[in-house]
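Trainee: Provide a 3D model corresponding to the input given below.
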Amino acid sequence: MPFSSVLGASSVIKPGVCTSTTRPTVPYEGQLIYETDTDRVVAYNGSAWVYTHSSGLVLVKAETAFNAVSSVTADGVFTSAYTNYRIIIRYQCSTSAELAMKLRAATVDTSTNYNYQRFVAESSSTNAVRSTSQAQAFIGQDGGAFTGLTALELSGPQLAEPTIYQAVNTRNASAYTTPQVVQYFGNQSASTAFDGINFLVSSGTTSGSYTIYGYAKS
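Mentor: Below you'll find the model as predicted:
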């Protein structure tokens with residue numbers, strides 16, 4: 001993280017990285033540090049450490065690539081630190097397929113109780129369908145040979161109550177000049193505390209990357 005702020009003409013800027021419990025014991029006035037455990041920057045004003053910045057969207061799992069796989073899992077990513085999460089998935093399938101998710105508890109997929117409403121818009125046409133009591137939740141489509149993008153939001157995966165989700169997917173049909181918008185709104189209705197997620201395709205394989213963020217509670 002760059003530290004370029006100036007806290008006055010006479011300030012001595014000495015940036016660093018630490019945690020909230022390992023701050024320098026003899027800091028300099030104007031010293032800036034990034035606390036990895038709080039995801040914030042603090043500055044020393046001559047007598048005390050002062051909060052200066054905190055991001056509302058916190059990186060939980062760095063961008064992770066996957067190549068020619070039928071599924072990819074991320075475990076230990078949902079904790080009590082956050083209630084809501086945002087996941088960005090950039091991907092391309094080997095054939096026309098739907099991208100799905102399964103929530104996981106202690107590295108085990110949950111394959112029941114997914115319910116969702118899907119909307120598809122293409123040119124001037126729209127259609128909708130509702131699916132209930134499914135083994136997985138669809139979060140995107142891909143026609144094969146074209147890169148797609150899904151922005152997935154989860155609410156409460158770590159809570160012992162139903163997990164709510166919504167996903168916005170941009171896919172391309174026969175070419176990049178024929179984009180489609182696909183939206184999903186649904187839930188995993190079991191009162192289960194999940195800590196992981198599995199991304200999988202209905203057929204063939206997929207390649208791309210995903211990144212997981214948590215929404216700060218304060």
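
Trainee: residue closest to the middle of this structure?
Mentor: residue 87 (2.2 Å; C-alpha atoms, centre = their mean).

Trainee: pretty sure that one sits against residue 214.
Mentor: No. Counting by C-beta atoms under 8 Å, residue 87 stays clear of residue 214, with 10.2 Å between them. Every residue, glycine included, has its C-beta placed from N, CA and C.

Trainee: how is the chain divided into domains?
Mentor: Under the assignment automatic domain parsing, the domains of the chain span 16-54, 57-215.

Trainee: which of those has the lowest mean pLDDT?
Mentor: Lowest mean pLDDT within the domains of the chain: domain 16-54, a mean of 80.

Trainee: in that one, what counts as buried?
Mentor: 27, 29-35, 39-45, 49 (16 or more other C-beta atoms under 10 Å).

Trainee: re earlier: could you identify which of the domains of the chain is most buried?
Mentor: domain 57-215 (a mean of 17; mean count of other C-beta atoms under 10 Å).

Trainee: first-to-last residue distance for that one?
Mentor: The separation between the terminal residues of domain 57-215, taken as C-alpha to C-alpha, to the nearest Å, is 5 Å.

Trainee: endpoints of stretch 116-132, how far apart?
Mentor: One end of stretch 116-132 to the other measures 6 Å (C-alpha to C-alpha).

Trainee: which residues does the residue nearest to the centre of the chain form beta bridges with?
Mentor: In this structure, residue 87 has the following beta-bridge partners (DSSP bridges): residue 152, residue 212.

Trainee: next: residue 109.
Mentor: As for beta bridges, residue 109 partners with residue 104 under DSSP bridges.

Trainee: list the contacts for it?
Mentor: 102-103, 198 (C-beta atoms under 8 Å, 6 or more residues apart in numbering).

Trainee: redo that, cut-off 10 Å
Mentor: Residue 109 is in contact with 71, 73, 101-103, 135-136, 196-198, 200, counting by C-beta atoms under 10 Å, 6 or more residues apart in numbering.

Trainee: in strands, which of those residues fall?
Mentor: With strands identified by DSSP state E, the entries of the contacts of residue 109 that belong to them are 71, 73, 101-103, 196-198, 200.

Trainee: can you redo those as JSON lines with distance to residue 172?
Mentor: Output for the ones in strands among the contacts of residue 109, formatted as JSON lines (distance: C-beta to C-beta, whole Å):
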{"residue": "71", "distance to residue 172": "23"}
{"residue": "73", "distance to residue 172": "27"}
{"residue": "101", "distance to residue 172": "21"}
{"residue": "102", "distance to residue 172": "25"}
{"residue": "103", "distance to residue 172": "28"}
{"residue": "196", "distance to residue 172": "30"}
{"residue": "197", "distance to residue 172": "25"}
{"residue": "198", "distance to residue 172": "25"}
{"residue": "200", "distance to residue 172": "21"}
